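Engineer: Next comes the sequence, and after it the predicted model I'd like to discuss.
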Amino acid sequence: MAESIEEFFADDRLTDSNLRNSAVCLRKCLEGKTTTQDTAQSIMDTAKAVSLSEVLDECIIRAAEQLPESHYVLTELVIQLRSQHQHISEEVVTKFDHYLIMSFGERWARYGDPDPQDAWKEQARTEWINLNHFVALLFSAGVNTLSNFGEQSLKMTLKRGSWRVNWTGQENTSDSIIALEGHAMAAANWIIVSGRQLYENCSDVRTEFATLHANLTWIIELDGLNSDIKSKLQEAKTTMDKIRA
């Protein structure tokens, strides 16, 4: 997992491939050397030689997984790209949204419940949290077709029957709690960033909101939960309280 913009763009998949020109455009944008609008147009131009779906998947979404400090710039860039497709036709923007859904969907299926004792899966858990924050930002910015990812993220964490923890408390080992924390942080980000929009757009979220809220409160009280994650969950609970008011 890259720890800096420089390290991310040193990856052979970006430097020694047909994605190189798009990667150069994206790097300049993340370094503040060009605007997201100009970058979107440059990517559209370079995408004539490489599929846009590949640019989204290998450049933009991978950057979101590894560079959380760039999320707001990346969100603005994706919205600019989407807007340019909207100017062409609704059919074209629908295809653009489909690219996003397919790329995010593949990652959703890949992560699962990472084992806290596996270093690679610890990295995967961090990327999973970053990815959810990015998708929540896109949904908040108006990409409504991504609502299902937020709904599933909440259910994965806040529906007790769907989580592999003995909720009676006897077998809540440190391992199971650490594994839960990745999902808990992802769900918290969704609630904080776009909880009200999920509530208004997803009937299942509205219907189960009281249960989701009660289970979030229960998780906050778990012994052994990381203090930073507990603080983030408390912020999410405050957001849910406001939505219920």
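Structural biologist: Received it, and whenever you're ready, just let me know what you need. Numbering: from 1, shown residues only.
Engineer: give me the low-pLDDT residue ranges for the protein?
Structural biologist: Low-confidence segments of the chain, defined by pLDDT under 70, span residues 16, 47-50, 87, 111-120, 160-179.
Engineer: Could you rerun that using 50?
Structural biologist: Residues of the chain that meet the criterion pLDDT under 50 lie in 162-164, 167-174.
Engineer: Now stretch 36-55: buried residues?
Structural biologist: Buried residues in stretch 36-55, counting neighbours by 16 or more other Cβ atoms under 10 Å, are found at 36, 39-40, 42-44, 46-47, 50, 52-55. C-betas here are computed from N, CA, C, even on glycine.
Engineer: Tell me how this structure divides into domains.
Structural biologist: If you go by automatic domain parsing, the domain ranges for the chain are 1-111, 142-245.
Engineer: out of the ones you listed, which comes closest to residue 131?
Structural biologist: With Cβ to Cβ as the measure, domain 1-111 is the member of the domains of the chain nearest residue 131 (5.3 Å).
Engineer: in the chain, which residue is closest to the centre?
Structural biologist: Geometric centre of the chain, nearest residue: residue 132, 2.1 Å, by Cα atoms, centre = their mean.
Engineer: wait, doesn't that one sit right on residue 190?
Structural biologist: Yes: counting by Cβ atoms under 8 Å, residue 190 is a contact partner of residue 132 at 6.2 Å.
Engineer: if I look at those two, which residues touch both of them?
Structural biologist: Overlap of the contact sets of residue 132 and residue 190 (by Cβ atoms under 8 Å, 6 or more residues apart in numbering) consists of residue 153.
Engineer: that older thread, compute the distance between the residue nearest to the centre of the chain and residue 195, please.
Structural biologist: 13 Å (Cβ to Cβ, to the nearest Å).
Engineer: try residue 57
Structural biologist: The value you get for residue 57 to residue 195, if Cβ to Cβ is used, is 27 Å.
Engineer: Name the next helix or strand downstream of the strand or helix carrying residue 24, please.
Structural biologist: Using DSSP states H and E, residue 24 falls within helix 20-30. Per DSSP H and E, helix 20-30 leads on to helix 36-46 as the next helix or strand towards the C-terminus.
Engineer: which helices and strands sit right next to the following helix or strand past that following helix?
Structural biologist: Downstream of helix 36-46, the first helix or strand assigned by DSSP H and E is helix 52-54. Helices and strands touching helix 52-54, by 3 or more Cβ pairs under 8 Å, 6 or more residues apart in numbering; DSSP states H and E, are helix 90-111.
Engineer: What residues of the helix it packs on count as buried?
Structural biologist: Residues 93, 96, 97, 99, 100, 101, 103, 104, 107, 108, 111 are the ones in helix 90-111 that count as buried (16+ other Cβ under 10 Å).
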